[in-house]
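# any chance you can model this:
(one chain, ligands or ions: 1)
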Amino acid sequence: MLSLVSPTSWSTSYQIAATGVATGIASHLIFFIRGEHHVRAPIIARVYLLLLAVVSFYGVKTLGSSEGSRAAAILVGSYVVSLITSIVIYRKAFHSLRAFPGPWMAGVSKLWHVFHVLDSHNHLFLDKIHDEYGKIVRTGPTELTIFSPEVLKVMDGPGNNCTKAVWYDILLPLTALNTTRDKAHHDQRRRVWNQGFTKKALADYEDRVNSYGQQLESHIAATAGKPVNVSKWFYFLTFDVMGDFAFARSFKMLENEKWHYAVLMLRRALTLLGPFSAVPWLIQLALSIPIIPIVRDWRTMIQWCSDRMTERIEVEVDKPDISSCLINASKENNSIEQDRFLLDGDSVALIVAGSDTVASTLIYLFYRLALDPSHAEKLRQEALGVDIYDPRALQGLDHLNGVINEILRLHPSVPTGGYRETPPEGVMIAGQYIPGNITIVAPRYTIGRLPTSFVQPNDFVPERWYSKPEMILDRRAFNPFSIGRYTCVGKDLAIAELRFVTTLLVSQYNIAFAPGENGERCWKEMRDQFTAAPGKLELVFTPRGKICFVLEDVSLENNIEFKQQLYLSLADDLDAVSGMFTNTLALADDGKKIQSIIDWHISCTTTGTSRRLSLE
Ligand code: HEM
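Alright, predicted model coming up:
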């Protein structure tokens, strides 16, 4: 202790501290301030641990255990303090974002953000930030979150020079279509993917969606009148569909009525992205520590997808799937082995991007229908006489399209994700210059609810998309699938799936909340983990009564002919109808009135070559 205060010791301590301070400042100004280091985070952490061990060992060896430990502590302490001080001073006083408004700590470190979103409610947190700080907010040392409809076009629209931000290195060493940061490489890869989404391929996938939809419906029929955890069943549906499209192999969750272990693992692994998406280097660091259970899930999930790809490379399948296009392109180039990091990455992207997104949209859609059954009734009326098994017939249903748009506006499947980096020359957004090499975040959740873009922005009004266009003030604020080169490759497929499943269930069932359920859990407990993961939703489906007629050769394309045929058929079989329509039988001679009754009560499904018409 005495030696600590001796003049020699003091000067030595000062020298050691000065060395620490100089090294700290130098490592900031020479290394950390330049370029990207997130991918190297695990290596940097190991180097620091090694240096710590070397300094401690050397100190103890040369100065003895007490003096040596003290010297090592002074060196390390002064290094860390000066490094942090240098970083903070630079970020707060010199950085090009220093003048942008935002929470003080946001300008210091992104760890601030992690601390605030440990509950994975990033969308709600950013919404609050918008209320407090306005349109353009500094939410990180090198990050701006921009709550303006214009930002989506500047980021991804025609002629933009933005690139994907560091977040997208998440799968490295694997690279998927959506995680490729190099634009030229992305475009080349996208051309390969597009071959899996031709009109012909889509028609085939749509037929397969129909059969999975029917499997879901038969489960609902079996549990009719009882509470159903629809969150679970919509995930079963969308993962089965994507397993089939991706690898020609369903997860069979609808059939087995239980989670597939790989899907459970994948869903657990994705929870990592809730709190940690804000700090990509922390994700890279965490992923390098396999003893963390969630990291084990992440790795097993990636291995599972990779194994499926191996299987698909080795075994030909008898139905088209998206992997076929990816594998064939690599086979044609004789580059299967070199492309494995792309193929494996793509298999992860396919499963996650195609399942989570559609499932969350379906959950919120049925939540809204249970909350306000008048929309379900409107959907039923609109689908009368429409062959719901024909995707083209569903395309023109205004209320259906309005409901889907409104769900994607209020409950976007990608609420915050889609981080971009500005080009070195910077960009102009909402009349404001945004400096170069800055991460920009455009939260769809808040942008879709801006009062400057939508009248009654928080209300569910599907009509704004067809009969009340005056309720849309700025359409640029609606961008659920992104635009430009990164636009969602599965958009048409997703919309076809949403249209079909919605019409199938709505035309056959009344939908209500289960006893004790009010629907709040599904949005209050939603996790924003790049894709949205809604909380549980329990509904009761009650079958609507039916009398069935089978009509041959009915042309559904021609509505008038269809109605005439139907009327004739009813007239032949009025006894069968009387049970249902006793109070309207008196009108049997009045074709028009019967027709209007039919308009209200008919839904139809296809059975083989004939059309089955179900009357309620
Ligand atoms: C409601 C359903 C869906 C929504 C809202 C949605 C939304 C999006 C968004 C916003 C992006 C851009 C993400 C980014 O910037 O990083 C995207 C990209 C992508 N989506 Fe979707 N998606 C949906 C369904 C699907 C489906 C069914 C598939 C697969 C069949 C799919 C496959 C992809 C892929 C591969 C990309 C990357 C495209 C590229 O970078 O070129 N998505 N999606």
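# give me the pLDDT value at the nearest residue to residue 179 once chain neighbours are set aside.
Leaving out its chain neighbours, the residue that sits closest to residue 179 by C-beta to C-beta, 6 or more residues apart in numbering is residue 168, at 4.6 Å. Every C-beta, even on glycine, is put in place using the N, C-alpha and C of the backbone. Confidence at residue 168, expressed as pLDDT, is 93.
# surely residue 168 is in contact with residue 181?
Yes. Residue 168 is within contact range of residue 181, at 5.3 Å (criterion: C-beta atoms under 8 Å).
# neighbour count for those two, which is higher?
residue 168 (21 against 15; other C-beta atoms under 10 Å).
# against residue 160, how distant is residue 359?
Residue 359 sits 30 Å away from residue 160, going by C-beta to C-beta, to the nearest Å.
# more neighbours, those two?
Using other C-beta under 10 Å, the more surrounded residue of residue 359 and residue 160 is residue 359, with 27 against 17.
# tell me who's in contact with that one.
Going by C-beta atoms under 8 Å, 6 or more residues apart in numbering, residue 359 touches 231, 234, 235, 237, 238, 239.
# host element of it?
Using DSSP states H and E, residue 359 sits within helix 340-371.
# can you point out the buried residues in that helix?
Within helix 340-371, the residues scored as buried using 16 or more other C-beta atoms under 10 Å are 340, 342-370.
# the ligand next: which of the residues you listed are close?
When contact is defined as C-beta under 6 Å from any ligand atom, those meet the ligand at 349, 353, 354, 357, 358, 361.
# just those now: which is nearest residue 49?
Lowest distance from residue 49 to these (C-beta to C-beta) belongs to residue 349, with 33.6 Å.
# is it correct that that closest one is in contact with residue 174?
No. The criterion here is C-beta under 8 Å, and residue 349 misses it with residue 174 at 9.3 Å.
# spit out the contact partners of the one residue in the stretch 51-200 of the chain that gets nearest to the ligand.
The nearest approach of the stretch 51-200 of the chain to the ligand comes at residue 178, 3.4 Å away (C-beta to the nearest ligand atom). For residue 178, the contacting residues are 168, 349, 353, 486, by C-beta under 8 Å, 6+ apart.
# mind running it again at 10 Å?
Neighbouring residues of residue 178 by C-beta atoms under 10 Å, 6 or more residues apart in numbering: 164, 168, 171, 186, 189-190, 193, 345-346, 348-350, 352-353, 417-418, 482, 486, 488-489.
# what about it, distance to residue 479?
In this structure, residue 178 and residue 479 are 16 Å apart, going by C-beta to C-beta.
# grab the nearest non-local neighbour of the residue of the stretch 351-500 of the chain found nearest the ligand.
Taking C-beta to the nearest ligand atom, the ligand has its nearest neighbour within the stretch 351-500 of the chain at residue 490, 2.2 Å off. In this structure, residue 490 finds its nearest non-sequential neighbour in residue 354, 5.3 Å apart by C-beta to C-beta, 6+ apart.
# tell me the phi and psi of the closest residue to residue 279 other than its chain neighbours?
Nearest residue to residue 279, sequence neighbours excluded (C-beta to C-beta, 6+ apart): residue 110, at 4.6 Å. Main-chain dihedrals, residue 110, degrees, to the nearest 10: phi -70, psi -10.
# do I have it right that residue 450 meets residue 135?
Yes. Counting by C-beta atoms under 10 Å, residue 135 is a contact partner of residue 450 at 9.4 Å.
# find the residues that touch each one of those two.
Common neighbours of residue 450 and residue 135 (C-beta under 10 Å, 6+ apart) are 147, 148.
# need the contact list for the residue of the stretch 201-350 of the chain found nearest the ligand.
The minimum distance from the stretch 201-350 of the chain to the ligand, using C-beta to the nearest ligand atom, falls at residue 349 (5.2 Å). Shown in contact with residue 349 (C-beta under 10 Å, 6+ apart): 171, 174, 175, 176, 177, 178, 179, 180, 193, 246, 305, 489.
# and residue 183, by the same measure?
161, 162, 163, 164, 485, 486.
# how near is residue 121 to residue 445?
On the measure of C-beta to C-beta, residue 121 and residue 445 end up 10 Å apart.
# what do the two both touch?
Common neighbours of residue 121 and residue 445, counting by C-beta under 10 Å, 6+ apart, are 127, 415, 526, 528.
# pick out the most distant pair among those.
Using C-beta to C-beta, the shared contacts of residue 121 and residue 445 span at most 12.4 Å, a distance reached by 127 and 526.
# find residues that contact each of the two.
Contact criterion C-beta under 10 Å, 6+ apart; residues shared by residue 127 and residue 526: 121, 415, 445.
# pretty sure the second one contacts residue 273?
No. With contact defined as C-beta under 10 Å, residue 415 does not reach residue 273; the gap is 11.8 Å.
# now for the two: what residues contact both?
Common neighbours of residue 415 and residue 273, using C-beta under 10 Å, 6+ apart, are 122, 527, 528, 529, 530, 531.
# take the residues you listed and keep only those in helices.
Here DSSP state H is the test, and the shared contacts of residue 415 and residue 273 give residue 122 as lying in helices.
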